[in-house]
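Undergrad: got a sequence here, can you model it:
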Amino acid sequence: MRVLDVGCGINKRPGAIGIDRNPASRADVLCDLNRTPYPFRENSFDRVLAIHVIEHVDDVIAAMEEFHRLVRPGGTVRIETPHYTDYSSWCDPTHRSHLNSFSFRYFGPDHGGFGYYSKARFREISVRVKLLAFWRWLGFEFLVNRFPRYRRFWEHYLCYIVRGKVMEFEFEVVK
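TA: Numbering: from 1, shown residues only. Prediction:
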């Protein structure tokens with residue numbers, strides 16, 4: 001399985017090809033993640049990992065389109081990013097985007113009428129929201145992750161009180 005670790009930093013996943021813009025990283029290939037295309041052919045990878053990277057790029061839609069181009073049909077993309085209500089989303093001056101658990105819906109069938117922003121399509125395999133420990137202990141994390149309608153209610157009405165921490169997305173590339 002060919003895996004591309006985008007923005008690998010110093011924690012490149014074993015067996016993956018790492019790309020990063022920082023020469024102090026452990027990247028196999030140095031490139032500016034804001035400039036597409038990345039130096040690989042279409043459908044070159046079975047999986048893309050973007051762990052705490054998507055919030056740093058200038059254009060989230062362009063990055064998702066590039067992930068779509070690089071992954072073979074049926075391959076997967078894993079994204080982890082802070083929830084916009086977490087302190088870590090705002091304290092890092094290199095963060096360009098502050099996202100929520102519905103931020104990637106533009107790329108699926110439930111695009112809310114905004115599917116014209118991109119032709120790249122992904123099937124959502126899973127979305128997992130991690131909450132701050134106190135709320136996890138009270139069972140809110142279970143509710144948010146178990147029931148999609150509750151997650152929507154949480155995002156609309158509760159997330160500034162019951163704050164999110166990190167979100168983990170798993171997508172299948174649809175071509």
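Undergrad: remind me, longest helix of the chain?
TA: helix 60-70 (DSSP state H).
Undergrad: strand partners (parallel or antiparallel) of the helix or strand following that one?
TA: Remark: after helix 60-70, the chain's next helix or strand is strand 71-82, criterion DSSP states H and E. Using DSSP bridges, the neighbouring strands of strand 71-82 in the sheet come out as strand 45-51 (parallel), strand 164-174 (antiparallel).
Undergrad: and these: which comes nearest Y87?
TA: Closest approach to Y87 among those (CB to CB): strand 164-174, 9.2 Å. (C-beta placed from N, C-alpha, C; glycine too.)
Undergrad: coming back round to it: tell me what the longest helix of the chain is packed against?
TA: For helix 60-70, the contact count by 3 or more CB pairs under 8 Å, 6 or more residues apart in numbering; DSSP states H and E identifies strand 45-51, strand 121-131 as packing neighbours.
Undergrad: deepest in the core, which of those is it.
TA: Each of these was given a mean neighbour count from mean count of other CB atoms under 10 Å, and the largest, a mean of 21, is that of strand 45-51.
Undergrad: between that strand and helix 60-70, how big is the angle?
TA: Between the direction of strand 45-51 and that of helix 60-70, the angle (axes from the mean of the first three to the mean of the last three CA atoms, to 10 degrees) works out to 150 degrees.
Undergrad: next one: strand 45-51 to chain centre, how far?
TA: Using CA atoms, centre = their mean, to the nearest Å, the mean C-alpha position of strand 45-51 is found 10 Å from that of the whole chain.
Undergrad: ok, stretch 57-64 next?
TA: On the basis of CA atoms, centre = their mean, stretch 57-64 is displaced by 10 Å from the centre of the chain it belongs to.
Undergrad: for stretch 62-76, same thing?
TA: Centroid separation between stretch 62-76 and its chain, computed with CA atoms, centre = their mean, is 12 Å.
Undergrad: need the contact list for the residue nearest to the spatial centre of the chain.
TA: The structure's the chain has its C-alpha centroid closest to I79; by CA atoms, centre = their mean the separation is 2.9 Å. Taking CB atoms under 8 Å, 6 or more residues apart in numbering as the definition of contact, the neighbours of I79 are A50, I51, V53, I54, F104, M167, E168, F169, F171.
Undergrad: could the residues you listed be laid out in TSV, adding distance to D32 and pLDDT?
TA: Conversion of these to TSV gives the following (distance: CB to CB, whole Å; pLDDT from 0 to 100):
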residue	distance to D32	pLDDT
A50	15	98
I51	18	98
V53	13	97
I54	15	98
F104	23	94
M167	25	98
E168	26	98
F169	23	98
F171	24	98
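Undergrad: which one of the residues you listed is nearest F134?
TA: Minimum distance to F134 across the contacts of I79 is 18.2 Å, recorded for M167 (CB to CB).
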